[in-house]
Every structure is written in C-alpha cells, then in structure tokens.
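*Asks:* I'll drop the sequence and a predicted model, then ask my questions.
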Amino acid sequence: MSSRPLREPTFLLLTALAEGPQHGYGIMTDVERISGGRVKLRAGTLYAALDRVVAEGLVEDDREEVVDGRLRRYYRLTPLGGDRLAAEAERLRQNAAVAAKRLKLRHRAIGGLP
Amino acid sequence: MTAAGGLEGGYRRLLRWYPPSYRGRHEDEILGVLMAAAQPGQRRPSARESLDLLWSALKIRIRMALRGADSQPWAAALALVGVLLPLLMLLLKLTEFLDRGAQYGFGSPADILIGAYGEPGAYAGSFQSNPHSVALTGNVTDALTAGPLPALILAVLACLGWRRAAAVCAAFVPLAYLGISLTNGYTLLAGPRGDVTLYAYGLEALVLLVAAGAAQGWRALRWQPSALLAAATVAAGAGMNGGFWPLFHVAPTAPTDVLQRAGRLANLPHGFIDRLFGIGAGGWEDWLLYQGTLVTVIAVALVTMLVSSPVNRRVLLLLAVPFALGAVIYLFSMISPPLPAPVGNTLAAVPLLLILLATMALSLGRRPRAGADNPGPAAPGDT
C-alpha cells in the first residue's frame, strides 16, 4: 500500500463513496456538502481524480444506469480503498489529536491567553 | 432547448480533447455531470469549466501515455526497442568496423577500442600530437561514442534481460561523455554519428527503465527482428548521412536495362557500406542527393511498417528519436556557419539532457509502485 498521505480532494472523494456507491454528480454534490461548501470539484477534476483512484485500485465501477437517455455510472469503494481511507482518517485523527493536545498545553503555559 | 443544445455542443467540443479511448467510455457520463451541474439558463461552458476540462484532458493524456508503458502495444514495442536498439548500435559499429577495416586495415586493439577503424595507429598517434591528458580524455570520449565496447556490453546485457544493469550502462555512456567533454571544454557538436550514439544510449536507458517487458531480453524479439532490423538499419543510414549511392549512380537508361541494372547492383561497388553510413560522403549537395533517394525508400518502408501493426509503429517511432535528433543537428551544422562552441554544445546537449531527465523522473516516479509489494517505511498511522 502506498504510504503517501491522500490529497484532500481524493480523501473527500473516497469519503463520499464510503457509505455506498454513487454516480459522478452524486459524488460532486456530496464532496461539497462534506467539506461545508469549501471544496467544489468540477467535472474535469472529478473524473481525473476518479481515473486515478480507479487505476490505483481504490475505487471500482459498481453499475450503470440510463437516466433521461444518459448513461450514469456508479462507483464504489474497493476493500483496498476502504483500508486506505481508514488509515488516512486515523492518520488525520492522530495529527488532530496531537495538535489539540499541544494547543491545550500552550494555552495553559501562556496563562489562559488564546 | 437551443440553449441546452448549444451548451451540450460546447461541452462536447471540449471533451474532444480527451483521448479517444477515454472519451468512448466516459463522454456521456461526464456530459451528464456537466449538464446537471450547469447553471440554469447557461448557454455555453464557462471559462473555468473550459479550463478545468482542458487541464484534466491533458492530465488524462499524460497519465495514459505513462500508463501506456504497461498496455499491450507499448509494452511489446518498448520490450522490442530495449533489445533492438543496442543490437542496432552494435550492428552499425560492426559494419563500419568490417568495411573500413577490410579496406584500410584494422589497427591495434586500442585503435579498435576507440573506434578508429581504418586509421591504424590512431591511438598511438594521438599521444604524439597532443599532450598526454588531452589524448587520454579524447580517446575515452571516442571509446564511449565511436568505439564498439559500450554497444557490445549493452547488447549483451539487454539480450540477457538484465534490465537494471543495462540501464545503468546505457545511462553511463552519455553522462560520462558529457562530463568529460564539458569539463575539458570539448565541443560537443562533433558529428551525427557521435550524437546519434549518445541519444540512442540515453533513449535506451529510458526504454529499459520504462519497459517492464524489457526484462524478457532476446525473447522479446521473436519473429520480428529481421524486418525491424532491416528497416532500422535503413533508418540509421539516413540518420547518419547515408546514401544509396550505387542505386543512384547507375545511370537511368532504357527500361529494358532492368536486368543489367540489377546485375550491377548485385556487384556493388566497394565501399557501399561506407556510403550507406555516410563515411566519405561529399558536400551537402551530395548528401541531399543521396538522401533524396534514401528518404523515399525510407518513406515507403515506414508506411509499410506503419500499417503493419501497432507494435511496429511504436517501435519505429521510438527508434526514430535518436536518428531524427542526430539528423536535425547534422543538417543544421551543414547549413549554418560554424557555431560558437557554447551554442553548439547547448544544441547537442539539450535533447540528451532532456532524455536523461525523463529517465530520472520516470525511475523516481515508478519506484514507489515498483516497491509497492515490499514493506517500506510506513507513514505514521498508515499501518
């Protein structure tokens, strides 16, 4: 498994697929929702990212549907993708925990000033 | 509807920048997402959307090209070139060696080592006419580019399928040459043969690092070598200021003379290989004259090969790189007045450095993937 940290859009993309398969537009709106409107993936960026995670075996095709005469492809997380996301979430959690802990110490050391 | 139609048409035009295979699979899907994400009443793609799509198309193209090394035709072509290129270089050295040696004498082993075929005593003489250090460094650079030893070692390593050793050897030649030449103030723009050799070794290092299939060694050749070698030799002749001199020299007479002409062709004048590889060719007018025939022959050969198979097309494309670079530099040196050394050096060294940089970038870029199976140092939390 690659040990490089995931970039935020990739992390959010995998997170969007963590609950269940989604199609492109679903991922796009979900990523925006998860990030509180901060990260907006455009279609080109989204599909370039999908192409990469599919090539890395983190995501795979789930099924295809035709809605209003247009093809809709659903993507799902692979077991490898699930592991990678879990590892990344744990890494971020640890970093955040260390940051919070040190901030608390700093807070105490400088006498309650923010 | 017209607004939506115009918008969809606009998106479709942008999607044309994606590689055809990718578009075939994803065009409708991406179009659906684009249309769903479009603002109400939007008539054409926004500048941001256009830029995003163009940039992504470029990324996908580069990625597919790099990944292409793992796809069928490219893998086969790279594996083939990995073996073919050193064999081709060896073949060139051998023909030159036999042809010139047979005419003018082979010289001492040292003469052969520095590629001074037909100039017996060249190695010893260089020490008499130059300071010792100059003669030595000059002979080393000659041995690297003109001599047969690097080609021989590389061909053996590549045929055995020792990919890494071959890649190191291939990269060493141009790097050592560049290093010695630049530190000693030699002019790099030495001649097409030397340039082509350097580019060919640089390309070989690149190919060996990119092509996992190159590890197959001589097995990669299978049935293709004869046709490809023949075509590549002809291409090499072109790149090295060659010329089908005898073909041209037979005066066109009555069409009934075909038999006689064929007879004369079979009895090729001595030094045919000389002329094929451009040794002793005349001025650039002659060169163009010979080259005209040769270019026609090559064009026909190339077109035949191009249609024959996707693998051959890729092989020829790869093999053409060093020869095309060498030919361009040679042509340039013929039509331009002598260049100041720094300009000439830059011209000769830049393509080489680009090839070597690409090799380095690829070898560094591929290392994590190559080592993915091995337990590496894990990032904190990534266990």
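*Replies:* Perfect, thanks for sending it.
*Asks:* direction included, what does the lowest-mean-pLDDT helix or strand in chain A pair up with?
*Replies:* In chain A, no helix or strand scores lower on mean pLDDT, DSSP states H and E than strand A:59-67, which sits at a mean of 88. The pairing partners recorded for strand A:59-67 under DSSP bridges are strand A:70-77 (antiparallel).
*Asks:* wasn't residue A:40 part of a helix?
*Replies:* No. Using DSSP: H, G, I helix; E, B strand; the rest coil, the secondary structure at residue A:40 is coil, not a helix.
*Asks:* tell me the confidence at it?
*Replies:* We have a pLDDT of 88 for residue A:40.
*Asks:* number of nearby residues for it?
*Replies:* 14 (other C-beta atoms under 10 Å in any protein chain shown). Using the backbone N, CA and C atoms, a C-beta is placed for each residue, glycine as well.
*Asks:* check residue A:36 too.
*Replies:* Other residues close to residue A:36 by other C-beta under 10 Å number 7.
*Asks:* A strand includes it, no?
*Replies:* No. The assignment for residue A:36 (three-state DSSP) gives coil, which keeps it out of a strand.
*Asks:* residues near residue B:65, how many?
*Replies:* Residue B:65: 12 neighbours (other C-beta under 10 Å).
*Asks:* for the helix or strand hosting it, which residues meet the burial criterion?
*Replies:* Taking DSSP states H and E as the criterion, residue B:65 maps to helix B:47-67. Going by neighbour count (16 or more other C-beta atoms under 10 Å in any protein chain shown), the buried part of helix B:47-67 is B:49, B:50, B:52, B:53, B:56, B:57, B:59, B:60, B:63, B:64.
*Asks:* ok, and which of those reach chain A?
*Replies:* B:49, B:52, B:53, B:56, B:57, B:59, B:60, B:63 (C-beta under 8 Å from any C-beta of the partner chain).
*Asks:* helices along chain A, start to end?
*Replies:* With DSSP state H as the criterion, chain A has helices at A:8-18, A:24-34, A:43-55, A:79-109.
*Asks:* looking at the ones you listed, which is nearest to residue B:45?
*Replies:* helix A:43-55 (10.1 Å; C-beta to C-beta).
*Asks:* in the closest one, what counts as buried?
*Replies:* A:43, A:44, A:45, A:46, A:47, A:48, A:49, A:50, A:51, A:52, A:53.
*Asks:* what's the closest of these to chain B?
*Replies:* Set against chain B, the nearest of those by C-beta to the nearest C-beta is residue A:44 (3.2 Å).
*Asks:* excluding sequence neighbours, find me the nearest residue to that closest one.
*Replies:* Spatial nearest neighbour of residue A:44, chain neighbours left out: residue B:56 (3.2 Å); criterion: C-beta to C-beta, 6 or more residues apart in numbering or on different chains.
*Asks:* isn't the one you found right up against residue A:52?
*Replies:* No. Taking C-beta atoms under 8 Å as the definition, residue B:56 is not a contact partner of residue A:52, at 10.8 Å.
*Asks:* shared neighbours, these two?
*Replies:* Here residue B:56 and residue A:52 share no contacting residue, scored by C-beta atoms under 8 Å, 6 or more residues apart in numbering or on different chains.
*Asks:* for the following helix or strand past the helix holding residue B:65, packing partners?
*Replies:* Remark: after helix B:47-67, the chain's next helix or strand is helix B:72-104, criterion DSSP H and E. Using 3 or more C-beta pairs under 8 Å, 6 or more residues apart in numbering or on different chains; DSSP states H and E, the elements in contact with helix B:72-104 are helix B:149-160, helix B:163-184, helix B:192-210, helix B:225-239, helix B:272-276, helix B:310-335.
*Asks:* for these, which one sits closest to chain A?
*Replies:* That would be, of the helices and strands packed on helix B:72-104 and by C-beta to the nearest C-beta, helix B:192-210, which comes in at 16.7 Å.
*Asks:* buried deepest among the helices and strands packed on helix B:72-104, which one?
*Replies:* Comparing those by mean neighbour count (mean count of other C-beta atoms under 10 Å in any protein chain shown), helix B:192-210 comes out on top with a mean of 27.
*Asks:* give me the neighbour count for residue B:132.
*Replies:* 9.
*Asks:* now do it against chain A, distance only.
*Replies:* 53 Å (C-beta to the nearest C-beta, to the nearest Å).
*Asks:* ok, residue B:35 next?
*Replies:* Residue B:35 is 8 Å from chain A, by C-beta to the nearest C-beta.
*Asks:* so, low pLDDT: which residues of the stretch 51-200 of chain B?
*Replies:* B:66-72, B:95-96, B:98-103, B:118, B:186-193 (pLDDT under 70).
*Asks:* er, the stretch 201-350 of chain B I mean
*Replies:* Low-confidence segments of the stretch 201-350 of chain B (pLDDT under 70): B:212-215, B:217-309, B:330-348.
*Asks:* burial count for residue B:138?
*Replies:* 18.
*Asks:* repeat that for the one 10 residues further on.
*Replies:* Applying other C-beta under 10 Å, we find 21 other residues in the vicinity of residue B:148.
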